[in-house]
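>>> pasting a predicted model and its sequence here:
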Amino acid sequence: MNEIPKLAEATIVYSPSVKPSEMPKIERSNDVAALVLPSWEQLYEVESVKMLLMNKANKVLGMKVIATGGQDSCLVDQRVILRSALLSVACAIILIHNHPSGNNTGRYCRMRKSE
């Protein structure tokens, strides 16, 4: 008879450090810019992607750096985005990225990822 292997139980815990009443609420794009831009280190040095995680009331649960790249590109792994959203029990997300090169027209592969 085959013996069932012993497995450790996986525990996933999201414990916010901010009370819901103190969480900023996103109502328009200006709210996102006001929240993210002051804390964006290296805004004009390297391309990077960040994500805001929100609850059902559009209150911000947290912000996560998804990827950091070079001067003109940044590789994004969709699994990191999905994992972060699921672990934080987010109902909505906003992905944000910069263009330190000044070229915001995008390449085909970059635009394809965004669709």
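In hand now; what should we look at? Model, not experiment: these values are computed from the prediction.
>>> now for V60, how many residues are close by?
V60: 21 surrounding residues under other CB atoms under 10 Å. Glycine gets a C-beta too; all of them are placed from N, C-alpha and C.
>>> point me to the helix or strand that includes it.
strand 60-68 (DSSP states H and E).
>>> dump that strand to CSV, restricted to CA.
This file holds the C-alpha atoms of strand 60-68, laid out as CSV (Å, rounded to 0.1, in the frame of the first residue of the first chain):
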residue,chain,number,x,y,z
VAL,A,60,-5.7,51.6,-1.7
LEU,A,61,-4.6,48.4,0.1
GLY,A,62,-1.0,48.9,-0.9
MET,A,63,1.5,49.5,-3.7
LYS,A,64,3.9,47.0,-5.1
VAL,A,65,6.9,47.3,-7.4
ILE,A,66,6.3,44.7,-10.1
ALA,A,67,9.5,45.2,-12.2
THR,A,68,12.5,47.4,-12.8
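>>> what's it packed up against?
Judged by 3 or more CB pairs under 8 Å, 6 or more residues apart in numbering; DSSP states H and E, strand 60-68 is in contact with helix 29-36, strand 48-54, helix 78-87.
>>> what comes up buried for that strand?
Neighbour counts over strand 60-68 (16 or more other CB atoms under 10 Å) mark V60, L61, G62, K64, I66, A67 as buried.
>>> how much space is there between the third one and L87?
In this view, G62 and L87 are 10 Å apart by CB to CB, to the nearest Å.
>>> burial count for L53?
For L53, the neighbour count with other CB under 10 Å is 21.
>>> for it, give the beta-bridge partners.
On the basis of DSSP bridges, L53 is bridged to G62, I93.
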